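In: What follows is a predicted protein model with its sequence.
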Protein chains: 2
Amino acid sequence: MASIKDVAAEAGVSVATVSRVLNSHPSVSPAARARVLAAVESLGYRPNAVARSLRTDQTRTLGLVISDVLNPYFTALARSVEEAARALGYSVIIGNADERPELQDHHVRTLLDRRIDGLLVSPTDGGSPLMLDTARSSTPMVFVDRWIPGVDVPVVRADGREAVRDLVAHLHAIGHRRLAIIAGPAATTTGSERVEAFRDALAEYGLPLPDDYIGQGDFQADSGRRATERFLALPEPPHVIFAADNLMALGALDAIRAHGLRVPDDIALAAFDDIPWFVHTDPPITAIAQPTGDLGRAAVQALVDLIEGRRPRSVTLPARLVVRRSCGESPTDQRSTT
Amino acid sequence: MASIKDVAAEAGVSVATVSRVLNSHPSVSPAARARVLAAVESLGYRPNAVARSLRTDQTRTLGLVISDVLNPYFTALARSVEEAARALGYSVIIGNADERPELQDHHVRTLLDRRIDGLLVSPTDGGSPLMLDTARSSTPMVFVDRWIPGVDVPVVRADGREAVRDLVAHLHAIGHRRLAIIAGPAATTTGSERVEAFRDALAEYGLPLPDDYIGQGDFQADSGRRATERFLALPEPPHVIFAADNLMALGALDAIRAHGLRVPDDIALAAFDDIPWFVHTDPPITAIAQPTGDLGRAAVQALVDLIEGRRPRSVTLPARLVVRRSCGESPTDQRSTT
DNA sequence: ATCCTCCGTGTAATCGATTCCACAAGGAGG
DNA sequence: CCTCCTTGTGGAATCGATTACACGGAGGAT
C-alpha cells in the first residue's frame, strides 16, 4: 500500500508538503497542491490512520461498551450513538459485554489499549477495579443508561419514575392489586431503580410489594422465564408481572404460555423498554419507552465535550408509558367494549 | 500514560529488553524479566496498540460491515462473529450500512484506513467501485450472507432453496394457491435468490408467480408495509404473503392489521429469518431459520485462514423451515382440530 | 538599492513500539 | 590457556505520519 513517501516522490515534493495538502494547511502553492492531489489520485493513496494516530495522539474513535447487543434496546442505542458520532467525525467501536463483567473488562481494556479518544459505558455491574481506575484516569468517559454510583462521571439516561407511576396508575385503574416485578441485577442502577420506582408508586396506592413478588432476573430471557415460573407457583400468584426489560418480558411470555394461561385475562404483563415487536405480540404489550435516539445523541455530545475540554453535565430524559392491551382495559380506556 | 521507555527506565534495562519480556521472547534472564514485570505492574503499563500496529503492520482487528444493525438477524450474526473472532485473538469493528450503499462505502473506507487485517462484508448492493477494488486488492475479504456475483471472494452463507421448497409444500398442502412475495432489492443476492427459489418451488406445483405478486422491498419494515398495501388493493389479493426478511414481515403485519384483516384466516404470512419474537406474535409466524452461530464462526474461520495465508473455500449451510400458525393448518398438521 | 516580511518548502525530530545487529561475558572443548 | 559458541543485553533503524524550525526568494516599504 502506497505511503506518503511514495506520494511525495511521485509529485516531486517532500513528505511535509504532501502532509500539508492532506491536512489543508494554508501555505501550499496551488501548483504543488495540484501535483500532490494528482499523485494521490494516481496511486490511490489513503493516509494510514494508525500512523497518524500515533503521531497526533488521537484516534477520532469512541468506544461503546454495552451490556447486550441482542437486546433491541441496546442495538437501537448503539445505532444512534454511531450516527451521532459519525456526524461529528468520529468512528465507534462497539464492545458487547453480554451482561458478563469479565467480558466488559476485556472490552474496556482492549479499547483503552487502542487509545480510543473516549469511552461510553453502560456498566454491567457495580464497577470492577478496572472500571473504577478508568473513571479516575484522564480518559474521557460517560455513562449511558446505567451508571455506577459514587463515581464522578457524567451520566446520560432516561428517568422511568414518572412512567412507572403512570403504569401503576393504569394497572390500579383496571383493578389489579397484586403486582409483581421481575427485577434486573441489583448491581446495576437500572436493576435497582426500577424496583424502587415500582415500590414507591405502589405505596402511593397503599399497595405492598412483598418479597415473593420480586423476581431476581439478569435482563436475559431465561431469567424472566424462571422468575415467572416461581410467581405462578405461588399460593397467591400476582395479577400483573412487570418485567424490567424487554428480554425478560419475552421469557415471561414464554412461561405464561407454557402454563396455558392467557394474557391479560389470566395474568397481565408490562415491560420496561418498548420495541417494535411489542405491537404485534399476542397481545400487544404495554411498555415504557425510552427515547433511544436522544439518549445516543446526548451521550455522544457529552463525551465529545469532555474530549474537547468542555465540562458536560449529566442528562436525564423522560421515559413514557405506551399503553397496549397486555394489562386489560380500564373502565376509562374502554370504547368498543360496553 | 506510561510508555515502554518509562518501564525500561524504572526496571533499569533497555526498551529492547522490555519488549522481549512483553512478547515472551526466550532470551531474557529471569532477573531482568522479574524487574520488568515489577515495573509494568507498578506503572500500570499497557502497550500502545497503535504503535505496535504501526511497527508490525497488523492490527489483529477484523472489520464487519453489515447491512442493518436493527435487523435481529444481523445482530445475531454480529454477535457470533465477535465471539469467534475473540476466541482467535481478534477484535471486531462493526460498521452499520443501514442498507445504504454510500454508508457502506464510508465504513469500508474507514476500516481500510485503520488497516484492519481482514474484512467481512454483507454487501448492500451490487458492488461499488470501492468494493470491487477492495475485493481485487490484497486485503483479505470474505462475504457473509450476501455476496457479489463474479467477484473472486469466498462466500459464507445459508442456502434457503430447500427450506423455501418446504415452505411452498406446506402452503400448498394447506390449500393456498395465490402466493405472493415481498422481495429484497434485486441488487442483493439474497434479494433475488429468494424470489428465484420461491418461483422455482411454485413451478413444481404448477403455480405461477405473476408480477403483481412480487412486491419490491428494501429489507426495511416500511417497504413491507407498502408492498402489502399494494397486494391488498389488487382485484385478486394473494392468499399468502412471504416476506424475504423479518423486518418486512413486521411491516406486512402492520399493514394487514391496519386493514382489519386477520392472519391466517384472511391472509397467511411467512418470513425469511427466524427471530425469538416470532414465537409470540399474533399469530406465531412461520419462518425460515438460518444458522447464524455457524455462519459467524465459519465466516471468521475463512477470513482468518485468508489472513494467515491459507486458501479457504466458500461455505454454504442449510436453512430450515419452522412451521408455526401464521399460514393456517394443513390437514396433516391437524391434531386438536377436527 | 537595501532591508524586512511573508510565503512556500524541505530537513529532521518525534510518537511507541519491534527487531536486526553487535557485543560482552561466561562456559565448554581442545 | 586459547578459541568458539551460547546467552543476555543494548543501540539504533524502522513503520508512516505530523510539525517545529530553518532557509531561500519574492515583494513592499523606505
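Out: Perfect, thanks for sending it.

In: From here on, just use CA atoms for contacts and neighbour counts.
Out: Fine.

In: quick one, what contacts A:Gly95?
Out: A:Gly63, A:Leu64, A:Val65, A:Ile66, A:Gln104, A:His107, A:Val108 (C-alpha atoms under 8 Å, 6 or more residues apart in numbering or on different chains).

In: Same question for A:Ser192.
Out: A:Ser192 neighbours (C-alpha under 8 Å, 6+ apart): A:Ala183, A:Gly184, A:Pro185, A:Ala186.

In: Check which element follows the helix or strand where A:Ala201 lies along the chain.
Out: Here A:Ala201, judged by DSSP states H and E, is contained in helix A:189-204. Once the chain leaves helix A:189-204, the next helix or strand it forms, by DSSP H and E, is strand A:214-216.

In: can you give me the mean pLDDT across that following strand?
Out: Averaged over strand A:214-216, pLDDT sits at 95.

In: The helix or strand following it near chain B at all?
Out: Next in sequence after strand A:214-216, counting helices and strands by DSSP H and E, comes helix A:221-233. No. Figure legend: helix A:221-233 not in contact with chain B (C-alpha under 8 Å from any C-alpha of the partner chain); closest approach 9.9 Å.

In: which is the next helix or strand following helix A:221-233?
Out: Taking DSSP H and E, what comes next after helix A:221-233 is strand A:240-243.

In: what's next to the helix or strand just after that following strand, contact-wise?
Out: Going down the chain from strand A:240-243, the next helix or strand is helix A:246-258, by DSSP H and E. The contact list for helix A:246-258 (C-alpha under 8 Å, 6+ apart) reads A:71, A:182, A:217, A:219-229, A:242-243, A:262-263, A:269-275, B:277, B:280.

In: which SS class is the residue nearest to A:Glu82 when sequence neighbours are not counted?
Out: Spatially, and ignoring its direct neighbours in sequence, A:Glu82 is nearest to A:Val92 (5.8 Å; C-alpha to C-alpha, 6 or more residues apart in numbering or on different chains). Following DSSP: H, G, I helix; E, B strand; the rest coil, the label given to A:Val92 is strand.

In: From what I see, A:Val92 and A:Val65 are in contact.
Out: No. Judged on C-alpha atoms under 8 Å, A:Val92 makes no contact with A:Val65 at a distance of 10.2 Å.

In: ok, the two, which is more surrounded?
Out: Using other C-alpha atoms under 10 Å in any protein chain shown, the more surrounded residue of A:Val92 and A:Val65 is A:Val65, with 28 against 25.

In: and that one, that's in a strand?
Out: Yes. Looking at A:Val65 with three-state DSSP, it is inside a strand.

In: Can you name the residues that contact it?
Out: A:Val65 neighbours (C-alpha under 8 Å, 6+ apart): A:Ile94, A:Gly95, A:Asn96, A:Ala97, A:Gln104, A:His107, A:Val108, A:Leu119, A:Leu120, A:Val121, A:Ser122, A:Pro123.

In: rerun at 7 Å
Out: A:Ile94, A:Gly95, A:Asn96, A:Ala97, A:Leu120, A:Val121, A:Ser122 (C-alpha atoms under 7 Å, 6 or more residues apart in numbering or on different chains).

In: Please apply the same query to A:Ala243.
Out: A:Ile181, A:Ile182, A:Ala183, A:Ala249, A:Ala270, A:Ala271, A:Phe272.
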